[in-house]
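1. this one's sequence-less:
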């Protein structure tokens, strides 16, 4: 996979991935009921960014 992309795309991709990683870490440390809620929030956020991007 090529690492060099348009700067804005690469940065957006990078920041999006780090946000997902933070959400995953939160979900792992959360209690099971809250974890399901966090996953739902994460999925809706990803769907929004996919639609906007």
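-> Nice, I can see it. The shown structure was predicted, so the numbers you read here are calculated from the model rather than taken from an experiment.

2. any idea how far residue 18 lies from residue 36?
-> Using Cβ to Cβ, to the nearest Å, we find residue 18 at a distance of 23 Å from residue 36. For glycine as for every other residue, the C-beta is placed from the backbone atoms N, C-alpha and C.

3. neighbours around residue 33, how many?
-> 8 (other Cβ atoms under 10 Å).

4. Can you say which helix or strand has it in it?
-> helix 32-52 (DSSP states H and E).

5. Quick one: mean pLDDT over that helix.
-> Average pLDDT, helix 32-52: 80.

6. in that helix, what's buried?
-> Of the residues in helix 32-52, 38, 42 count as buried by neighbour count, 16 or more other Cβ atoms under 10 Å.

7. Could you list every helix and strand in contact with that helix?
-> helix 7-29 (3 or more Cβ pairs under 8 Å, 6 or more residues apart in numbering; DSSP states H and E).

8. Who are the contact partners of residue 24?
-> Neighbour list for residue 24: residue 42 [criterion: Cβ atoms under 8 Å, 6 or more residues apart in numbering].

9. Give me the contact list for stretch 32-45.
-> Here stretch 32-45 makes contact (Cβ under 8 Å, 6+ apart) with 20, 23, 24, 26, 27, 28, 30.
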